[in-house]
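Engineer: Make a model of this:
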Amino acid sequence: MSANFDTRSVESPETTEIYISAVPKGNAPPKKQAEEIFSGIRKILRSKSAHILQERVFALGSAMETIRSVRLKEYGDIDDGVAPTFLVGKEGSSGPISGVQVHAVTGPRPEVLRLDNKPCGRIFRTQGMAYLTLSDISVPQTAQAAEQARAMLEKAETVLKQSGADFLSVPRTWMWLGDILSWYDDFNQVRNKFFIERGLIGKGSRQSMPASTGIGLRSASDKNCTMDLTAVLKPTNSIQFLEAVGKQQCAFEYGSAFSRASRATTPAGETVFISGTASIDAAGATTNLGDAKGQINETIENVRAVLGDMNCADEDVVQVIAYCKTTEVEKIFADAKASLAWPWVTVICDICRADLLFEIEAAAMPRK
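Structural biologist: The predicted model follows:
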């Protein structure tokens, strides 16, 4: 087997949540890597009678068509028509495919959501619980990236409303922004205005900013921006938004409308979603300038501080992405990576600031 599969599971009487992180072992051609990964995922899902709830593929743009084709062939009848979010990064140590992440559940098959007659997400329902995921939400390319970002948010809102929800039901978003360094400030202005208008932030609001990642990965459809999200439809008002947690203060104070973390009811229990976290101090300034090892160590320390505040242990971590600006940073990260038994997927891409070299996002499910 030329791929590593890390599977984390949390059980409840109603369902089991399963997180699979699949990473190639060596630098093989994309077809070979894809066959190993997707056949392995299929075997895991079938062995547990599980269904995909959300999925992401990180790879080179030149490999995407091969990956799509192999995935469809290997998955067969476990594919429900909802495509994963295909995200284009730079080549790292694992070759053309950086990794694949799958969140799956046992029990009833999730309902497929459609917009404009296209599958775009799923809802999983059990007694007293309804959990929604959306993947690769984007709109046709426009000349102005900010206009496209606004339309993207509105499109996601349309799907939420079709399911009786809105952005107040969303604990976690992922914002995939192709050329992030050229327009991240513009994106933040669009998101801030949208969230203020929807009552997530501002006077009289509950300060309900989702945990989020904004990172320099482009959708394989070559859009300026695309997004994924999760939403809790039932039980209502069950999300805790943590603006300042661990060692970092509220990101909105320096212009970014996201919570440092959120805690939400999910199908098999509770999930702590930790936003994209970097080497940033309480005032929002980048620390360890030019020092990749220093940024890596401080970032991990910041993430572990959030886990500690949320009463989560290292073994509760179910999904992680490490974003490295360059392959050199990835090499420096190797030692730190080996010291933590987390389900790592490592991606090479730009971070939201030119002086940031490293970022981590994570999800954890504390055992009761």
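
Engineer: Give me the helices and strands touching the helix or strand hosting Y19, please.
Structural biologist: According to DSSP states H and E, Y19 maps onto strand 16-24. Using 3 or more Cβ pairs under 8 Å, 6 or more residues apart in numbering; DSSP states H and E, the elements in contact with strand 16-24 are strand 3-11, helix 30-47, strand 97-106, strand 317-324, strand 344-348. Every residue, glycine included, has its C-beta placed from N, CA and C.

Engineer: and the last one, how far out from the chain's middle?
Structural biologist: The one in question is strand 344-348. 12 Å (Cα atoms, centre = their mean, to the nearest Å).

Engineer: and the angle from it to strand 97-106?
Structural biologist: For strand 344-348 against strand 97-106, the angle by axes from the mean of the first three to the mean of the last three Cα atoms, to 10 degrees is 140 degrees.

Engineer: just the longest one next, same as before
Structural biologist: Using the same axes, to 10 degrees, the inter-axis angle of helix 30-47 relative to strand 97-106 is 10 degrees.

Engineer: And the first one, by the same measure?
Structural biologist: Calculated by the same axes, to 10 degrees, strand 3-11 forms an angle of 30 degrees with strand 97-106.

Engineer: So for strand 3-11, what gets flagged as buried?
Structural biologist: Buried residues in strand 3-11, counted by 16 or more other Cβ atoms under 10 Å: 3-10.

Engineer: Quick one: work out the angle between the strand holding Y19 and strand 3-11.
Structural biologist: Going by the same axes, to 10 degrees, strand 16-24 makes 170 degrees with strand 3-11.

Engineer: got the buried residues of strand 3-11 as TSV, with pLDDT and distance to K31 columns?
Structural biologist: Formatted as TSV, the buried residues of strand 3-11 follow (pLDDT from 0 to 100; distance: Cβ to Cβ, whole Å):
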residue	pLDDT	distance to K31
A3	92	13
N4	95	18
F5	98	19
D6	98	23
T7	98	24
R8	98	28
S9	97	30
V10	97	34
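
Engineer: just to revisit the earlier point, could you give the mean pLDDT of the strand holding Y19?
Structural biologist: For strand 16-24, the mean per-residue pLDDT is 98.

Engineer: Now do the same contact list for K234.
Structural biologist: Residues in contact with K234 (Cβ atoms under 8 Å, 6 or more residues apart in numbering) are 128-130.

Engineer: and the gap between it and R68?
Structural biologist: 34 Å (Cβ to Cβ, to the nearest Å).

Engineer: Can you tell me how far the nearest residue to T7 once chain neighbours are set aside is from K48?
Structural biologist: Nearest residue to T7 in three dimensions, chain neighbours excluded: I20, at 5.3 Å (Cβ to Cβ, 6 or more residues apart in numbering). Applying Cβ to Cβ, the value for I20 to K48 is 10 Å.

Engineer: okay, and the common contacts of these two?
Structural biologist: A104.

Engineer: neighbour count winner among these two?
Structural biologist: Remark: of I20 and K48, I20 carries more neighbours, 25 against 15, as counted by other Cβ atoms under 10 Å.

Engineer: The more buried one contacts V102, doesn't it?
Structural biologist: Yes. With contacts counted by Cβ atoms under 8 Å, I20 reaches V102, the gap being 4.2 Å.

Engineer: Mutual contacts of those two, please.
Structural biologist: What both I20 and V102 touch, as defined by Cβ under 8 Å, 6+ apart, is the set I41.

Engineer: can I assume G92 is in contact with E330?
Structural biologist: Yes. Contact criterion Cβ under 8 Å: G92 and E330 qualify, at 5.3 Å.

Engineer: what's the overlap in contacts for these two?
Structural biologist: The contact lists of G92 and E330 share 324, 346, 348, where a contact means Cβ under 8 Å, 6+ apart.

Engineer: could these go into TSV alongside neighbour count?
Structural biologist: Converted to TSV, the shared contacts of G92 and E330 look like this (neighbours: other Cβ atoms under 10 Å):
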residue	neighbour count
C324	25
T346	22
I348	23
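
Engineer: Out of the residues you listed, which is nearest to S169?
Structural biologist: T346 (31.2 Å; Cβ to Cβ).

Engineer: excluding its backbone neighbours, what's nearest the closest one?
Structural biologist: Going by Cβ to Cβ, 6+ apart, T346 has A322 as its nearest residue, at 4.7 Å.

Engineer: got a pLDDT number for the one you found?
Structural biologist: In this prediction A322 is given a pLDDT of 98.

Engineer: same deal with G255?
Structural biologist: 66.
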